[in-house]
Every structure is written in C-alpha cells, then in structure tokens.
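Trainee: Here's a sequence, model it:
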Amino acid sequence: MKFALPLVTVDAVLLTLRQGELQVALHRRDKAPDDGMLALPGGVVHVDEDDSTEATVARVLNDKTGFQPRYLEQLQWFSGKHRDARSWSISLAYLALVPVEELEAVSPNSFHFYGVDHLPQLAFDHADIIAAAVNRVRNKSSYSTLPCCLLPEKFTLSQLQATYEAILMTTLEKSNFRRKIEAWDVVEPTEEFLTGAQRPARLYKLKDFMLFGKSFG
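Mentor: Down below sits the predicted model:
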C-alpha cells in the first residue's frame, strides 16, 4: 500500500530583548501560501541536501536572513492537515535567544520586530509556535542562565536584572537578585567598566552556559 508523505519543514523562533521587552524577529513571505504575510523564518527539508533538521534550519536562516544564532535549541514538533495549504505538514520548531545588536547588524530589511505579547496576524500556525517558545523561555528563565543569551558578551548586573525582569514580567528586588546571582556563581567580574552619565558600572561575563536548579521564588 502506498501512503502519501507529509510536508516536512523547520521554523526558527528568534527572540530578542528590544525596547525593554521580549520581541520576536519575523520576515515577510514572498511566495505562496500566505504570500506577503509576516512569518517565522522557515523552510522545507531538502532530503537530497540536508543531513539533519539542524542542517536545514542553518541553511534556511542563511538563505532567508543571512544570520546564524550562537544558541539554538529544539522546541517541539507542530503538525496537522490544516496548518499548511500545500499539504498535511509537520514542522520542527527551533528556539534561539539573540542579542538585539546581532540581529540589527543584519540587513535592515531582513527582520520585522514585534513584542511577543502583541503579535500581528501571522502565516500558518506561527502564533502558536511563538507562544510555545515564549512559554519555554519564561519557564526556564526562573531557574537558568538562559536570559544571558540576550545580552552582549559583557554586561552590568543592572542589565542582567533588567533582562530577567523583562522576560519574567515582574520586578525583582535588587539586593535579593544580586545575592542569588552571587550564590549561583554563574557570572564573574571583568576589569572593565561601563561609563556614562552615572558612575561607572563594572562589567561581568558568564562563567559558563549552564542550567542550575534554583529559582527566584
């Protein structure tokens, strides 16, 4: 018996901290289906070219945006007969957290940025994919160093706290936050300072990307 095969694709959720809020980088589709609509960068798996879905997402991001994130993780599969007008389809979504400076350094027309809680109408089921990605990030951010991926290599503790607050959508008490960061032993001071209108603030860097079993609760 011959069975019809589903369309297999990948989609990339590129999250960044921009204008004080968690935003997603979208692009505008230039072909059917959903021609002209905003969407996540994604594409079909090329079975004669891609060794894995990781290779597919790297190729798609390079072709459509010219950008390759430093940190990328699998999110989950999305599937169904109504999500894509071309065929019954299945898509593996990937999640990346990217400093806004890296995304904005790409061609100015590569991305359109929207707050994750105020999305426009999107192609396919991409709103559902973004919602799943945001839920993953907010859950992980309560016990991990994941938010550091949104910061440049060196950052102040105030920038670090503001990043956690933007993702968790809450205000963290300054001294308590810094005590917990010190107890977690995940950042280390550098010999550099951020200078500006206020007194210089020491710059820190992440010791090592890792998850740790603590929380802000």
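
Trainee: Please make it C-alpha for all contacts and neighbour counts, starting now.
Mentor: Will do.

Trainee: can you dump the C-alpha coordinates of the helix ranked longest in the chain into PDB?
Mentor: Taking DSSP state H as the criterion, the chain has its longest helix at helix 126-141. What follows is helix 126-141, C-alpha atoms only, in PDB (Å, rounded to 0.1, in the frame of the first residue of the first chain):
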ATOM      1  CA  HIS A 126       3.300  30.600  13.700                       C
ATOM      2  CA  ALA A 127       1.500  32.400  16.500                       C
ATOM      3  CA  ASP A 128       1.100  29.000  18.300                       C
ATOM      4  CA  ILE A 129       4.800  28.300  17.700                       C
ATOM      5  CA  ILE A 130       5.800  31.700  19.200                       C
ATOM      6  CA  ALA A 131       3.600  31.100  22.200                       C
ATOM      7  CA  ALA A 132       5.200  27.800  22.900                       C
ATOM      8  CA  ALA A 133       8.700  29.300  22.600                       C
ATOM      9  CA  VAL A 134       7.800  32.200  25.000                       C
ATOM     10  CA  ASN A 135       6.400  29.700  27.500                       C
ATOM     11  CA  ARG A 136       9.600  27.700  27.300                       C
ATOM     12  CA  VAL A 137      11.800  30.700  27.800                       C
ATOM     13  CA  ARG A 138       9.800  32.200  30.700                       C
ATOM     14  CA  ASN A 139       9.800  28.800  32.500                       C
ATOM     15  CA  LYS A 140      13.500  28.200  32.000                       C
ATOM     16  CA  SER A 141      14.400  31.800  33.000                       C
END
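
Trainee: residues of it that come out buried?
Mentor: By 16 or more other CA atoms under 10 Å, the buried positions in helix 126-141 come out as 126-127, 129-130, 132-134, 137-138, 140-141.

Trainee: Quick one: list the elements packing against it.
Mentor: strand 7-18, strand 73-80, helix 157-168 (3 or more CA pairs under 8 Å, 6 or more residues apart in numbering; DSSP states H and E).

Trainee: now the closest residue to Leu14 other than its chain neighbours: how far from Glu182?
Mentor: Spatially, and ignoring its direct neighbours in sequence, Leu14 is nearest to Ala96 (4.9 Å; CA to CA, 6 or more residues apart in numbering). Separation of Ala96 from Glu182 (CA to CA, to the nearest Å): 26 Å.

Trainee: Who has more neighbours out of the two?
Mentor: Ala96 (22 against 12; other CA atoms under 10 Å).

Trainee: Look up the pLDDT of Ser215 for me, please.
Mentor: Ser215 is assigned 41 on the pLDDT scale.
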